[in-house]
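Engineer: 3D, please:
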Amino acid sequence: MTGNLPRWRGGRPIYLTPMGQHSRYMLGAYLRHTLMVAAALMTIALTIDLWPQVSLLGADPRWAGPFLIWHIARLAVLRIPDLLPPLLPFATFLGVVWSESAFTESRERLLIWNSGRSPLLCLTPAVLAGVLMGGAVFVLDGLLRPAAIHRQMAEVLGREGIRLDRSQSGGNHWIALPDGVMRAQIEYGPPVTLRNVVIYKLDQEGHLAEVDTAATARPLPGQRWQLENGRYWRADFENRGDVVSTGPTNEEAEIPFVRRSVSLNLNPLWLHNLGLSPQYLWLGDLRTLTRVQILSRDSSAYRTRLQALYGGPLFTSAMALLGASLAMLYFAYSTRWRALVMVLLAGYMAHFASKALYLMGEFGYVPSIVAGWLAPVLLMCGVGGVLLTIQKRRGLGLRLRETPKFADEA
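Structural biologist: Residues are numbered from 1 along each chain as shown. You can find the predicted model right below:
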């Protein structure tokens, strides 16, 4: 039996695997510290958000009483999907930097460097942490956030639930149309219904051509609306520019009607969600609204939101990689406070840049795809540059190779 076994004169071969014990240990540290940072940030955010609402809930007879604490706890849980997603990418960065700093101070990083582990393999835990936290960001931001805010709206619970109560029309709304303007009160539904409607239509020269008033208006297929119990007026075609009458002989007649179908380029889904921020829309509604003809400002906001939602997981992964790569570059052997401040400042600037691009895309200053993807793409390029710098310092140049296996010669 012993004759068939390999005979070694020294130690056995060493294989540095991407998912070895060290990678699992570092992944656990990243996730643990990220959750601790996220919990600290959420404690501050929830305190700021809920403190003014405690008196609001206490003054409402529906929530006041012995179960007030229970309703406050429910509201806190419902507010988490709205407050946490913007904080998670930066929390991931801070969690990775925290773990790397502790790793350096314990001299474990020096031990790993001396073992010959390549920088590429050292980034494996950061990649996995970024993927996990990026998936959490997408679920929280794209799925749980709309569900939580719609629950608050349905129960009229808390400040946001009252502000976005869809059972209230919020008074008269003035809505710009491609060929005019409309004033109406909106019953958000579904189905959406307009009340006390006044529609002003203009001709191609900008003159007032038609006025329709109705008690109600309901959507029909094919960009048509049915007006009920109203009147309409049309200007004289030959003298359409002179619509102001100064005497009884020049008065125009209004024609009453019970039902009348008119062409109106007004999307019912957009009306149903009017007043809701793009981050509160269901994902299916958001996709639909990015493809319909609506106000250019709202269209930019919807498209930017969709691109930012899809780019969020990549941005979170890039933040994790940025923290790990900068830590390996600037405090691989010791944590100097100046280097630590520079690394933290780089992470904050990346976080700030992503928010600034989102705002510029929302208001139409940059294309939506730029607002959603420029920050993560630039971060990934920066991570690549840092990794190449580390490779050159270790004498590997541009070769992102694994560490060779070590074995005694036969």
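Engineer: hmm, which helix or strand of the protein has the shakiest average pLDDT?
Structural biologist: The helix or strand of the chain with the poorest confidence is helix 108-114; it has a mean of 74 (mean pLDDT, DSSP states H and E).
Engineer: quick one, helices of the stretch 201-350 of the chain?
Structural biologist: With helices called from DSSP state H, counting those that start in this stretch, the stretch 201-350 of the chain shows them at 268-272, 283-289, 296-330, 337-362.
Engineer: Out of those, the one nearest Ser169 is which?
Structural biologist: Of all the helices of the stretch 201-350 of the chain, helix 268-272 sits nearest to Ser169, with 11.2 Å by C-beta to C-beta. Where C-beta positions appear, they are placed from N, C-alpha and C, glycine not excepted.
Engineer: elements contacting that closest one?
Structural biologist: The contact analysis (3 or more C-beta pairs under 8 Å, 6 or more residues apart in numbering; DSSP states H and E) places helix 268-272 against helix 283-289.
Engineer: Can you mark which positions in the helix it packs on are buried?
Structural biologist: Neighbour-count burial for helix 283-289, counted by 16 or more other C-beta atoms under 10 Å, picks out Asp285, Leu286, Thr288, Leu289.
Engineer: Could I get the pLDDT score of the last one?
Structural biologist: Per-residue confidence for Leu289 comes out at a pLDDT of 91.
Engineer: what's the domain layout of this protein?
Structural biologist: Using automatic domain parsing, the domain ranges for the chain come out as 21-161+304-393, 173-274.
Engineer: mean pLDDT for those: which is lowest?
Structural biologist: Within those, confidence is poorest for domain 173-274, with a mean of 82 (mean pLDDT).
Engineer: Span of it from start to end?
Structural biologist: Domain 173-274 has an end-to-end distance of 10 Å (C-alpha to C-alpha, to the nearest Å).
Engineer: how far does that domain sit from the chain's center?
Structural biologist: Relative to the centre of its chain, domain 173-274 is centred 36 Å away, using C-alpha atoms, centre = their mean, to the nearest Å.
Engineer: give me the number of residues near the closest residue to Ala339 other than its chain neighbours?
Structural biologist: Nearest non-adjacent residue to Ala339, counting by C-beta to C-beta, 6 or more residues apart in numbering: Tyr330, 4.0 Å away. Tyr330 has 18 neighbours, counted by other C-beta atoms under 10 Å.
Engineer: quick one: Tyr330 and Val343 touch, right?
Structural biologist: Yes: when contacts are counted by C-beta atoms under 8 Å, Tyr330 is listed as touching Val343 (5.9 Å).
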